[in-house]
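[1] task: produce atomic coordinates for the following.
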Amino acid sequence: MTKPTSPLAVDWSDGSYELTAPSLEPAAQALVDALTLTADDSVLDVGCGTGNVALLAAQAGARVVGVDRAERLLDVARRRLADDGLGRISEFVAGDVTDLPFSDDGFDAAASNFALIFADDPDRAASEVCRVVRPGGRVALTSWLPTGAIYRAGRVLREAVASDAATTPARLSWSERQFARDVFGGAGTVVITERSLAFRHSSAEAWLTEIEDKHPAWRAVRTAIGDQSDAWRDAHERSLAILLSENESSSAFEVTSRYLLITVTLND
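    Next up is the predicted model:
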């Protein structure tokens with residue numbers, strides 16, 4: 001299987017992702033609901049970031065471990081754990097999805113909210129997640145679909161980076177249902193459903209300014225293009241025009257993105 005190419009590396013410790021991550025909490029809740037967790041379950045939050053899935057799973061009574069490469073985000077997740085007093089989360093640890101620092105069959109379930117899909121080697125990432133979940137266990141993840149205003153606005157920036165760096169923009173392989181089925185290599189039964197997620201703010205201008213300033217991926221694009229360059233200003237204006245034209249609210253800003261919820265029940 002050909003792995004997706006990426007136009008630039010994103011440092012997820014950069015910026016203030018903890019200020020934009022709350023917008024993804026409804027998708028995190030969908031993952032937790034899909035896993036049908038019980039108090040006896042142990043759960044791995046893969047690419048946990050600020051701990052959205054981990055905290056929701058702990059609130060559902062499960063014992064949870066979160067893993068991520070971004071050390072600063074792990075610190076944020078630990079602080080959220082302390083603030084919520086959810087002692088059933090055992091730990092947040094540094095690690096990569098293609099080489100998870102856990103033993104075989106160590107968890108009853110694993111979840112990944114828009115994280116595993118960014119792995120450089122999707123086959124290896126899927127294999128690792130399945131390795132650490134016991135036979136008969138469950139895996140659930142979310143993947144963006146290439147539709148909606150935010151996707152189109154982001155595509156303007158990705159194309160600007162690709163043009164500037166003479167590279168190919170990332171192919172959204174995980175948005176292809178057959179890819180998602182193939183990548184798990186017969187490890188279990190795959191079920192895929194389509195969901196939607198609304199993003200809201202006071203205005204399109206305010207949303208875009210906040211994302212450009214705080215979100216690690218958008219900051220990486222801005223740095224790659226050069227935030228004082230004509231190319232960046234052009235990309236910003238084109239992205240804003242898309243957001244304005246597809247605004248679903250008459251009084252503020254609201255757009256809808258669609259994503260896949262992928263669940264795998266592993267073979268016994």
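
[2] quick one: secondary structure of A30?
    Recorded secondary structure, A30: helix (DSSP: H, G, I helix; E, B strand; the rest coil).

[3] how about G137?
    Relying on three-state DSSP, one would call G137 strand.

[4] shouldn't it be in contact with A109?
    Yes: contact criterion CB atoms under 8 Å: G137 and A109 qualify, at 5.5 Å. The way it works is simple: take the backbone N, C-alpha and C, and place the C-beta from them, glycine included.

[5] check the gap between the residue nearest the centre of the chain and L100 for me.
    Nearest residue to the geometric centre of the chain (CA atoms, centre = their mean): F114, 1.9 Å. Using CB to CB, to the nearest Å, F114 is found at 18 Å from L100.

[6] and the contacts of the host helix or strand of L73?
    L73 is part of helix 71-84, with elements assigned from DSSP states H and E. When contacts are defined by CB atoms under 8 Å, 6 or more residues apart in numbering, helix 71-84 is touched by residues 12-13, 17-18, 48-51, 54-55, 58-59, 66, 68, 89, 92-94.

[7] drop anything exposed from the residues you listed.
    The neighbour count (16 or more other CB atoms under 10 Å) marks 12-13, 17-18, 48-51, 54-55, 58, 66, 68, 89, 92 as buried among those.

[8] which members of the residues you listed are the farthest-apart pair?
    Using CB to CB, the buried ones among the contacts of helix 71-84 reach their maximum pairwise distance at S13 and A58, which is 23.2 Å.

[9] not counting its neighbours along the chain, what's nearest T98?
    Nearest in space to T98, with sequence neighbours left out and distances taken as CB to CB, 6 or more residues apart in numbering, is R124 at 4.5 Å.
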